[in-house]
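**Q** curious how this folds, go ahead:
(chains A and B)
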2 protein chains.
Amino acid sequence: MAELPVWFSPLTPLQFLRRSARVFANRTAVVHGEQRYSYAEFAERVNRLAWALKRAGIQPGDRVAYICPNTPAMLEGHFGVPLAGAAIVPINVRLSSDEIAYILNHSGARILVLDTEFSRLVEPVRGRLERLERIVLVRDTEAPSALEGDEYEAFLRTGDTTEPEWTLGDEGDTISINYTSGTTGRPKGAMMHHRGAYLNALGEALETRLWSDSVYLWTLPMFHCNGWCFTWATIAVGAANVCLRKVEPARVWQLIEQEGVTHFNGAPTVMISLLNDPAAKTAKPLRKLTICVAGAPPSPTLIGQLEAIGAEVIHVYGLTETYGPHTVSEWQREWDTLPAEERARLKARQGVAYIIADPVRVVDDQDRDVPCDGQTMGEVLMRGNNVMTGYFENPQATAEAFRGGWFHSGDLAVMDPQGYIELRDRKKDIIISGGENISTIEVERAIYQHPAVLEVAVIAIPDEKWGEVPKAFVVPKEGMSLTEAELIAFLRERLAHFKVPKAIEFGPLPKTSTGKIQKFILREKEWQGYEKRIH
Amino acid sequence: MAELPVWFSPLTPLQFLRRSARVFANRTAVVHGEQRYSYAEFAERVNRLAWALKRAGIQPGDRVAYICPNTPAMLEGHFGVPLAGAAIVPINVRLSSDEIAYILNHSGARILVLDTEFSRLVEPVRGRLERLERIVLVRDTEAPSALEGDEYEAFLRTGDTTEPEWTLGDEGDTISINYTSGTTGRPKGAMMHHRGAYLNALGEALETRLWSDSVYLWTLPMFHCNGWCFTWATIAVGAANVCLRKVEPARVWQLIEQEGVTHFNGAPTVMISLLNDPAAKTAKPLRKLTICVAGAPPSPTLIGQLEAIGAEVIHVYGLTETYGPHTVSEWQREWDTLPAEERARLKARQGVAYIIADPVRVVDDQDRDVPCDGQTMGEVLMRGNNVMTGYFENPQATAEAFRGGWFHSGDLAVMDPQGYIELRDRKKDIIISGGENISTIEVERAIYQHPAVLEVAVIAIPDEKWGEVPKAFVVPKEGMSLTEAELIAFLRERLAHFKVPKAIEFGPLPKTSTGKIQKFILREKEWQGYEKRIH
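**A** Numbering: from 1, shown residues only, chains lettered A, B, ... in the order given. A predicted model of the protein is given here:
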């Protein structure tokens, strides 16, 4: 770094580990069942990984893919891969073998680090992975693998414990390629840069008051936007990471008590499943909990339930292309004294850009800002340091997303005079019925007010007269009964009649690995035989 | 900014105000006696200032000087001046007219914003200020001014309330030039860049847990390293700023209660004067206090006293050239259970670099790292994003300070295996007695252990036999008596005999405006007629 000016140091999460490895050498960095690594041990493992990758031929600019749940290996990859100069490609473990093959081939990953539990996803397509040279198997469970590969711990032993020399060509160098779970066409690889990863990690620490005495529980998958950058943020501040292979509510409550957890994150559906578990009734968190929710607005009921167990709820919003959370429903202390319902309504908004982000815009079809009246819907645009550099080897999709110098989120929202946005729909989810826009979120919110409703998803279905009309898919609460007629009567008192669903279906909802409801699966069924609206 | 990549936004504190002006529009930004400005009002005043400066002919790259105590005008200058594309030059109000004339001429400030209380400093030298075109007078008190100038509020009215367009050529552009209170030669103007101001402000917010519900009291002068970047940090998070023209202990305690203060900063001497005021006995802080101390290591006694009033003490260290605080005595929760004396000893160390800073080094005369044994003394070196770009129009001093690609602090310290540094002396303060190094800080710490000692400064004085020997200047606590013989006997039990001062003088100590003891004044007297050791 001798050629850099004295006053310039490139922004990269690698600086965080360098600092914490020394300052917090004896503190716990990672907890995984009975396993515990101090920061010094964690850094040694990361260094070994970087050396092992380099010795296996990984060059600056290469890609190393990961198919792992939230284990130490996955966290190590977030530092060891960039330390070797490469980009990590964290792959969603809920994808199909076909999708995984596509991502491995498209990213050109030369090495795959694979948890043996998910070996079955790769086995059927191994022959089609033309660019993959080597598999490193993480045996964290008894699950066998039919694949040929190095054992992870043995692979680590081929590396040295000292930090390899590294330099960054540019702060815009790629640290991670995160494939979007595209519901249409092939997944696109959003390229995360070192500068954004560094700044967004600091942003997470600031917005969630994460500090060196924090204990972070990994309910959110690390493969999802690098765990919203908490992979880097926890290490930056010197917090403890409590790993978790899957979200089993009883286990979550046990860890919260046992490890003194202070922070965890997830979609509202994850929180609902935690709260509805019998263990929630007897759980006694030792410390104050800070819980970030995203992926869908938390309902007033959910916020109330989480606050009732003493948790602070932070509502954030963002996309894979924006390092995960980009806006936060920034709380104003003047609101503390408002009635619970009103506080929940304010918190359910997606809010304002993070301190480290540029302000977001809401624009019409011609990219003109809509009035900040809390009424006029438009598309949310972002730009700034926590926006991806583009889609990997997809200049066309990049140009389309970046048209006019702004990233187009595809989310529809309104903005209030203070700049708080509130999502109304995905651009592709909005229902256009007889020329009227119907926000599926607005309809869902009305349905959530019914005491017998656990979860709901509203989509457009084809209608000869109106073009589209709303249909609701409802999961009733356990032991409660609800009929279509009852719910429709309930809604007619709360919504304009054209917004009331024309049909209601009861049953479980299809979800992504991160707990997001997959409306496209519901839509596919309803729109079979139609040209329009299949995404 | 259309030409910038979508994923890049320059790091500058101007982004902070843009965000907070909107998000926290109705929240209190500034309190000054009866005056209160919301964030919207504060932003309007800043915008007016920027427009007024532009209309007065200020061009990008120009300098605007400030001689003001901690008033709203001074805080406005930290945003309005860079918003006009210029650099602020905050001048210490305790300097002599000669020094002020030098700084105004050297910086080439075209406009001076002057609080009328300090008009007397400028009046005698007005005729020598060749480059100064205009004075803007802040009438915050009844103090008159004999100078010709615009009235500040009228000047603001010549500007518009909307944010002027601004772009940053480079993140390394100068936002502030801070003249060091050089004890030798002429003051040097350390150039602060936008990138460093942005990152160090985030660093302050992280390290001190400053947030939107914080209330920051301005006990630390804003002209001192831009108030350690808290000028920018408070606005970044949306905190309230409570202004204070001077540190009058009774007033400080009153404001702490009345405004619900959560944070304030200063040198240990400032804290000692606050704690020794009668008002300290009856003060009831409403909220938890977080107090940063720097400038000298806080004694165990001081830390104990501050903790006794429920305050969290954070010990930080840095220099004008490093945006103020650069290291923090990072607390490890394992230390919570140690005896008070041991905790204080750990906290009195200067610690490790901020999260946003590069690690510091401690080196010998050939710039080789000394062993991290907590014993071997060497000079502290820094580099990274919170180091100045250089001394304004002084390439020679810059090259000297930056030799080998690192900033040379001139401070002597030891480093422990975890990278915590502990200052032992200014390079120029160290006493060399018969070939032995004597750390004046070590001797001072021993003297502080005597219960009758309020304050102390130890310097080298000339000695025919040993070259130099230590002498102590002691301020006893009010109502307590102490003799030279008593103190020397006390010290002989605690220090190697060659370290025990050969002379002790009782009386008040000369101090800078920020409460730092001016050892050079003590030295000047003692070394009159000698060539050596006059700094």
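**Q** pretty sure residue A:386 sits in a strand.
**A** No - counting by DSSP: H, G, I helix; E, B strand; the rest coil, residue A:386 is located in no strand; its state is coil.
**Q** please report phi then psi for it.
**A** When read as degrees, to the nearest 10, the backbone of residue A:386 gives phi -110, psi 40.
**Q** can you tell me how far the closest residue to chain B within the stretch 301-450 of chain A sits from residue A:292?
**A** Closest to chain B within the stretch 301-450 of chain A is residue A:384: 4.0 Å, counting by Cβ to the nearest Cβ. For the C-beta atoms, the positions are set from N, CA and C on the backbone; glycine is no exception. Residue A:384 sits 20 Å away from residue A:292, going by Cβ to Cβ, to the nearest Å.
**Q** bridging residues for residue A:317?
**A** residue A:327 (DSSP bridges).
**Q** quick check: it touching residue A:296?
**A** No - between residue A:317 and residue A:296 there is no contact under Cβ atoms under 8 Å: 9.5 Å.
**Q** give me the more crowded residue out of those two.
**A** residue A:317 (27 against 21; other Cβ atoms under 10 Å in any protein chain shown).
**Q** just the pLDDT for the more buried one.
**A** As predicted, residue A:317 sits at a pLDDT of 96.
**Q** show me what contacts it?
**A** A:294, A:325, A:326, A:327, A:328, A:350, A:351, A:421, A:423 (Cβ atoms under 8 Å, 6 or more residues apart in numbering or on different chains).
**Q** go again with 6 Å.
**A** Going by Cβ atoms under 6 Å, 6 or more residues apart in numbering or on different chains, residue A:317 touches A:294, A:327, A:350.
**Q** weed out the non-buried ones from those residues.
**A** Among the contacts of residue A:317, those buried by neighbour count (16 or more other Cβ atoms under 10 Å in any protein chain shown) are A:294, A:327, A:350.
**Q** which of those residues sits closest to residue A:8?
**A** Minimum distance to residue A:8 across those is 29.7 Å, recorded for residue A:327 (Cβ to Cβ).
**Q** pretty sure the closest one contacts residue A:349?
**A** No - between residue A:327 and residue A:349 there is no contact under Cβ atoms under 6 Å: 9.1 Å.
**Q** can you classify residue A:495 as helix, strand or coil?
**A** Applying three-state DSSP: residue A:495 is coil.
**Q** nearest residue to it in space, please, no chain neighbours.
**A** residue A:446 (5.2 Å; Cβ to Cβ, 6 or more residues apart in numbering or on different chains).
**Q** need the residues of chain A near chain B, please.
**A** Residues of chain A that fall close to chain B, judged by Cβ under 6 Å from any Cβ of the partner chain: A:2, A:6-7, A:9, A:22-23, A:25, A:202, A:213, A:236, A:330, A:333, A:352, A:355, A:358, A:383-385, A:387, A:389, A:402, A:405, A:407, A:418-419.
**Q** the residue of the stretch 1-150 of chain A found nearest chain B: how many residues sit nearby?
**A** The minimum distance from the stretch 1-150 of chain A to chain B, using Cβ to the nearest Cβ, falls at residue A:9 (4.0 Å). Residue A:9: 21 surrounding residues under other Cβ under 10 Å.
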